[in-house]
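# have a look at this prediction, sequence included:
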Amino acid sequence: METSFSVSGQHYLFNVQTFAHVVLALGGDSYAYAFRDRTTQGVIDDVADGTSEIGVIAEMSTTKDSVNAALDAAGLKFIELKESSPYVALPASHPLVHAKSLSLEQLGDWPYLYFEQGDDAPISFYEEALAEVPRSKTIVCTDRASLSELIVALNGYTITSGILVGISDGSFLHALPLETDVKLLLGIVVRKDAELSETAQKYVERLKTNLERYARLR
């Protein structure tokens, strides 16, 4: 069936939860929606060609100008909904899980897992804050569930928004503040000339509500 509403987003849990809330709220005997996990370039492509009405991404305060330039070139714009601090996501079994905060130096001996963006992707397109910092142990993943499972299995970590709520694979991970001045700018990507559908407007309003409730600054 042809989808009547679709969202493309980076691999964050808060947009998945929001999508589920909207589907449940709308109800209905039949519907055809789509939710797509994408690279940053994939989000841009989906929204630009109309595959998805909305994209959900996080920009870094240090590299936002580069991302916004790419969006502008594609006829898109970024609408910031909430500022947040980066967090370290690691399993309950991790020896550092009870720390009040963590630095990258403390995490140096542990496997770092992150989402693949493609060989030609600029560093500004990476979903994880401080992605440019060299690590001695890295594992790249394309799937959220696989990344979460590997973090648990290997006592590894990733850098995320810290919003690990309402989704089963988030319940295995704990979020601790990362010691950095970098900020995450959480928001949506839309076409410059877009007039959002009623369903899309409901999604954006719910996303704002969830981010206001769960996003955290150190």
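The structure has been received and is ready for your questions. Numbers count the residues shown, from 1 in each chain.
# and the helices in this structure?
13-26, 40-48, 64-73, 144-154, 198-214 (DSSP state H).
# dump those helices to a markdown table, plus mean pLDDT, distance to Asp120 and mean neighbour count.
All C-beta atoms are positioned from the backbone trio N, CA, C, and that covers glycine. As requested, the helices of the chain are arranged in a markdown table below (pLDDT from 0 to 100; distance: least, C-beta to C-beta, whole Å; neighbours: other C-beta atoms under 10 Å):
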| stretch | mean pLDDT | distance to Asp120 | mean neighbour count |
| --- | --- | --- | --- |
| helix 13-26 | 92 | 25 | 19 |
| helix 40-48 | 98 | 9 | 22 |
| helix 64-73 | 98 | 12 | 15 |
| helix 144-154 | 93 | 22 | 17 |
| helix 198-214 | 94 | 30 | 17 |
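# can I get those helices in JSON lines with distance to Pro122?
Output for the helices of the chain, formatted as JSON lines (distance: least, C-beta to C-beta, whole Å):
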{"stretch": "helix 13-26", "distance to Pro122": "22"}
{"stretch": "helix 40-48", "distance to Pro122": "9"}
{"stretch": "helix 64-73", "distance to Pro122": "6"}
{"stretch": "helix 144-154", "distance to Pro122": "21"}
{"stretch": "helix 198-214", "distance to Pro122": "25"}
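# which one of those helices lies closest to Pro177?
helix 198-214 (14.5 Å; C-beta to C-beta).
# packing partners of the closest one?
Where contact means 3 or more C-beta pairs under 8 Å, 6 or more residues apart in numbering; DSSP states H and E, helix 198-214 is packed against strand 5-9, helix 13-26, strand 54-60, strand 76-84, strand 184-191.
# domains in this protein, as residue ranges please.
If you go by automatic domain parsing, the domain ranges for the chain are 5-84+183-214, 87-177.
# what about the first one, how long is it end to end?
If I follow you right, that is domain 5-84+183-214. One end of domain 5-84+183-214 sits 25 Å from the other (C-alpha to C-alpha, to the nearest Å).
# same deal with the last one?
Taking C-alpha to C-alpha, the first and last residues of domain 87-177 lie 5 Å apart.
# over to stretch 87-95?
OK, stretch 87-95 end separation, C-alpha to C-alpha: 17 Å.
# from the chain's centroid, how far away is it?
Mean-position distance between stretch 87-95 and its chain equals 18 Å (C-alpha atoms, centre = their mean, to the nearest Å).
# and that stretch, what's buried?
Buried residues in stretch 87-95, counted by 16 or more other C-beta atoms under 10 Å: Tyr87, Val88, Ala89, Leu90, Pro91, His94.
# alright, I will stop here.
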